[in-house]
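S.K.: pasted the sequence and its predicted model underneath.
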Amino acid sequence: MSVNSAVFSDLQSINPSAIIELFTLKLSLGLHYSLWESNRNYDIGDIVRSSDSSITVIFKCTTAGKSGGNEPAGFASASVGSTINDDSVVWTAQNVEVYRFHGGSSLNANGAIVWDGNSYLRFPIMASGFAFQKGQLPRPKITISNATGLISSILISVNKATTGNDLTGATVTRIRTLAKFLDAVNFENGTNATADPSAEFPQEIYSIDRKATETREVVEFELAAPTDLVGVRIPGRQATRSIFPSIGTFLG
């Protein structure tokens with residue numbers, strides 16, 4: 001069933017301050033990508049990372065073939081978009097993958113929403129538990145539609161790199177803004193005098209703590225604040241007099 005885009009324009013006129021909720025899912029370089037391997041057959045689309053942890057880009061196979069005996073020296077100086085020859089394989093450097101979603105209707109008949117130049121795919125999402133309760137850090141839950149199999153395919157990919165990871169450690173960011181501040185491209189006539197990519201509520205950043213449910217219909221994740229994960233301690237190191245001589249002294 002087609003939807004008249006004028007409906008969305010009318011709704012926008014009636015309620016220009018409607019809150020738009022956006023989500024990003026960013027994978028972890030160290031957890032969700034396999035290390036490059038020597039003398040291995042790679043297919044187009046395979047993604048690897050360097051053994052050098054200072055290299056923050058990943059490498060996507062754009063020409064299939066067999067890798068060489070040593071990690072390509074070109075990995076060290078690669079920037080996004082550059083290509084690296086590896087025996088018969090060709091790699092293209094890219095940023096760590098970020099998936100962008102929004103759970104509601106956009107102004108262009110339920111399509112993507114463009115915010116700050118980035119496109120957010122319309123995807124059924126239900127998020128809850130972001131409120132602070134009695135001084136405790138929130139542990140939100142996010143349920144994402146798996147009807148297209150997209151989330152399961154991401155899970156399969158990251159589990160190849162780290163068995164049983166299930167996206168643990170991935171970063172989920174909740175972004176909220178008002179509809180009137182969206183990029184002009186979202187509007188029927190392509191103009192919006194009040195567009196402002198800096199006009200947003202404080203971003204809420206969480207890490208995936210565990211996958212709670214996965215079915216053909218939905219995948220549910222439990223989130224935690226970066227400081228609320230197992231093994232995280234605040235402060236990160238103990239302050240002693242050898243580091244800060246003034247500890248334990250009083251200056252009047």
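M.R.: Done, it's in. Computed from a predicted model, the values in this text were never measured in an experiment. Numbers count the residues shown, from 1 in each chain.
S.K.: okay, now the unreliable bits of the stretch 1-150 of the chain?
M.R.: Across the stretch 1-150 of the chain, the ranges flagged by pLDDT under 70 are 1-17, 105-110, 135.
S.K.: quick one: the helices in it?
M.R.: For the stretch 1-150 of the chain, the helices defined by DSSP state H, counting those that start in this stretch cover 5-14, 29-32, 150-161.
S.K.: the longest strand seen in the chain packs against which elements?
M.R.: Counting by DSSP state E, the longest strand found in the chain is strand 204-214. Judged by 3 or more C-beta pairs under 8 Å, 6 or more residues apart in numbering; DSSP states H and E, strand 204-214 is in contact with helix 150-161, strand 171-178, strand 218-224. (Each C-beta comes from the backbone N, C-alpha and C, glycine too.)
S.K.: could you check how many residues crowd around S54?
M.R.: 6 (other C-beta atoms under 10 Å).
S.K.: go on, S153?
M.R.: S153 has 10 nearby residues by other C-beta under 10 Å.
S.K.: also W115?
M.R.: Around W115 there are 21 residues (other C-beta under 10 Å).
S.K.: what about the strands in the stretch 51-200 of the chain?
M.R.: 58-63, 65-66, 83-86, 89-94, 98-102, 113-115, 118-122, 125-128, 141-145, 171-178 (DSSP state E, counting those that start in this stretch).
S.K.: out of the ones you listed, which gets nearest to F221?
M.R.: When the strands of the stretch 51-200 of the chain are compared by C-beta to C-beta, strand 141-145 sits nearest F221, at 5.3 Å.
S.K.: still on that earlier bit, return the most buried member of the strands of the stretch 51-200 of the chain.
M.R.: Sort the strands of the stretch 51-200 of the chain by mean neighbour count, taking mean count of other C-beta atoms under 10 Å, and strand 113-115 sits at the top with a mean of 22.
S.K.: so which elements touch it?
M.R.: strand 19-26, strand 118-122.
S.K.: N95: which of the ones you listed is closest?
M.R.: strand 19-26 (9.5 Å).
S.K.: run the angle between the closest one and strand 218-224 for me.
M.R.: In terms of direction (axes from the mean of the first three to the mean of the last three C-alpha atoms, to 10 degrees), strand 19-26 departs from strand 218-224 by 90 degrees.
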